[in-house]
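Chemist: Give the three-dimensional model of this entry:
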Amino acid sequence: MLETEICGIKLENPLLLAAGVMGSTASSMNWVLDSGAAGVVTKSFSTEPTHGYKNPTTVQVEGGIINAIGLSSPGVSNFKEELKLINRNNRNNGINGINSNNANNRNNGNKGNKIAIASIYGSNPEVFAYLVSQVSEFVDIIELNVSCPHAMGGCGAAIGQDPNLVQEVVKASKKASEEALEEALENASKEVSEEVSNELSRDVSKNSSNPISKTSKTSNTPIIAKLTPNVTDIVEIAISAEKGGADGLTLINSLGPGMKIDIKTGNPILSNKFGGMSGPAIKPIAIRCVFDVFNALNKSKRNNSNKLTKSNKSNKLNKSNKYRSNIPIIGVGGIANYKDVVEFLYAGANAVQIGTSIMYEGVEIFSKIATDLAIFMKNNNFESIDEMVGYSHKD
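Modeler: Residues are numbered from 1 along each chain as shown. Just a heads-up that it's a prediction; the model follows:
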């Protein structure tokens, strides 16, 4: 009942760990996976080790927290060792380390997949492309952090607020993912039987003329862009990412930047003075962003024959009339319970990420939300997550 799909990959439920919380080590991410999450997003990392901002880096405020960690990074070479230890159960180690989630598990109906998503950042398209080439074989999806509101050195929202630059970063990352696949296949052909090599090569050649289609049918590692709400029009940025070839979108990163001042000293509490706001207070903005982007990506697909409708006989969607987003959306921002998840699904998200609430509820939040969500679905005659996606876009 809770199964869903993003970028052609089956998930046992729509609940993922958000970047920035418990994503620094394989052991913590494995703990989250064992606690009921269908997937984890790593802490954002880049090419070289960086320390980020000095403490204090987080402060609690009404409705959530403000953080300014500064995208501290262990560097890609160091972090690859952690990626290798994440307990993904849809990884095939038998073919020279080729990322097998797409080759063997896409659209295969398998349940119980546990996935790993690498969150990467950089200051230009070339850095993103390099990072993709380094980690593609160790993860199932790559999330481009072009949205952090407190990043250093022209990273994060400095990119995500420019639609042209977002498109170029996505385009370069997609190209790097395709090249990584080609290199992996070339290396595999030297070590495996010619029969297996030819089978993989045929999969690539059949779809080589269409990069987006190619990504959904071969073992290219999908590329999703995490967008910032701190723009005039997030729809414009989303369309730019889609034009660049994004396989999916994550909406949204933290809001702000915001600030909290110590009234005794008169000083800003955070060492960086300001940071990104996360937590329940930003959820209404995140819901609106998902709703608007889903609506915009479907404008050209809607007509009288494929509107969302509700059956007169039961409280569920008429599946034959349902329309879907061109690319999947992952909703994030202030999720604390199953009701929040339902709102995101109704707005148009295919899956969600949970972060700040773990600080208050612990990792048990994943299993609790999954249980409560299943009860809600049963009580409201929903047979699948797919029926709920975009439910609020009814006329």
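Chemist: helices and strands around the helix or strand that contains residue 184, which ones?
Modeler: Element membership for residue 184, per DSSP states H and E: helix 163-189. Helix 163-189 sits against helix 125-135, strand 141-145, helix 157-160, helix 194-206, helix 211-217, strand 223-227, helix 234-243, with contacts defined as 3 or more CB pairs under 8 Å, 6 or more residues apart in numbering; DSSP states H and E. (Each C-beta comes from the backbone N, C-alpha and C, glycine too.)
Chemist: Go through these and find the least confident stretch.
Modeler: With a mean of 37, helix 211-217 has the lowest mean pLDDT of the helices and strands packed on helix 163-189.
Chemist: how about the residue nearest the centre of the chain, secondary structure?
Modeler: For the chain, residue 250 is the residue whose C-alpha lies nearest the centre (CA atoms, centre = their mean; 4.9 Å). At residue 250 the chain is in strand, as set by DSSP: H, G, I helix; E, B strand; the rest coil.
Chemist: distance of it from residue 349?
Modeler: Taken as CB to CB, to the nearest Å, the spacing of residue 250 relative to residue 349 amounts to 9 Å.
Chemist: Residues that sit against both of these two, list them.
Modeler: The overlap between the contact sets of residue 250 and residue 349 (CB atoms under 8 Å, 6 or more residues apart in numbering) consists of 329, 330.
Chemist: Okay, now the unreliable bits of the chain?
Modeler: Applying pLDDT under 70 to the chain flags residues 90-112, 152, 188-219, 300-325, 395.
Chemist: can we see that at 80?
Modeler: Applying pLDDT under 80 to the chain flags the ranges 70-71, 89-112, 150-154, 184-219, 299-326, 394-395.
Chemist: mind listing what the most far-flung residue of the chain relative to its centre touches?
Modeler: For the chain, the residue at maximal distance from the C-alpha centroid (CA atoms, centre = their mean) is residue 264, at 40.2 Å. For residue 264, no contacting residues are found, by CB under 8 Å, 6+ apart.
Chemist: Quickly note the distance from it to residue 273.
Modeler: For residue 264 relative to residue 273 (CB to CB), the value is 17 Å.
Chemist: returning to what we had before: the helix holding residue 184: how far from the chain's middle?
Modeler: Mean-position distance between helix 163-189 and its chain equals 18 Å (CA atoms, centre = their mean, to the nearest Å).
Chemist: got the angle between it and strand 141-145?
Modeler: Helix 163-189 and strand 141-145 are oriented at 150 degrees to each other (axes from the mean of the first three to the mean of the last three CA atoms, to 10 degrees).
Chemist: Pull out the buried residues from helix 163-189.
Modeler: Across helix 163-189, burial judged by 16 or more other CB atoms under 10 Å covers 163, 165-178, 180-181, 184-185, 188-189.
Chemist: okay, the angle between that helix and helix 125-135?
Modeler: Using the same axes, to 10 degrees, helix 163-189 lies at 30 degrees relative to helix 125-135.
Chemist: count of neighbours near residue 340?
Modeler: Number of residues near residue 340 (other CB atoms under 10 Å) recorded here: 21.
Chemist: what sits against the residue nearest to residue 57 when sequence neighbours are not counted?
Modeler: If the residues on either side of it in the chain are set aside, residue 57 comes closest to residue 69, at 4.8 Å by CB to CB, 6 or more residues apart in numbering. Counting by CB under 8 Å, 6+ apart, residue 69 touches 20, 52, 53, 57, 58, 150, 275.
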